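Enquirer: need a structure here:
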Amino acid sequence: MSDKLPCEILECQMFFVNQQMITEFFSSHIENISCWHFAFCVCLVQYARSLKNFEAEQPYSLSSYFAGHLKSHRSWLKEQRAEALPELNVEMLQSFIPEFMKHLHVTMLLHGNLTQSGQSS
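Expert: Here you go, the predicted structure:
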């Protein structure tokens, strides 16, 4: 089983010929993000398991983690994250999504045969 959580919301791994199509695709998917209860529970259990198994990691990864924690101004230790997990629920996530979207800034790199009229719309 991979360590990657199945909670990716939107990912684009294809070539779009039309700039308008890609901007409409992203804007429609970003505006309509919601959370499924089952997916939230699965992600929460997997994340709790990864936090629990953290101390079994190799010593070099533990040392780099703690060194990074000491350098950062805002971060939670793995133990603090594990303590906060029981308080999380789907309703909290659903209320957080609109607040997060208000502050979200999306940057896209589009290249190729772009026209002046296509860029302005």
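
Enquirer: so is Thr23 in a helix, a strand, or just coil?
Expert: Assigned with DSSP: H, G, I helix; E, B strand; the rest coil, Thr23 falls in the helix class.

Enquirer: count of residues packed around it?
Expert: Thr23 has 16 neighbours, counted by other C-beta atoms under 10 Å. (C-beta placed from N, C-alpha, C; glycine too.)

Enquirer: what's the spacing between it and Ser34?
Expert: To Ser34, Thr23 is 21 Å away according to C-beta to C-beta, to the nearest Å.

Enquirer: ditto for Ser27
Expert: 16 Å.

Enquirer: biggest helix in the chain, by residue count?
Expert: Ranked by residue count and defined by DSSP state H, the top helix of the chain is helix 37-52.

Enquirer: what average pLDDT does the very next helix or strand once past that helix get?
Expert: Under the assignment DSSP states H and E, the closest C-terminal helix or strand after helix 37-52 is helix 59-71. The average pLDDT within helix 59-71 is 85.

Enquirer: beyond helix 59-71, next helix or strand please.
Expert: helix 78-84.

Enquirer: quick check: closest non-adjacent residue to Ile97.
Expert: Ile33 (5.8 Å; C-beta to C-beta, 6 or more residues apart in numbering).
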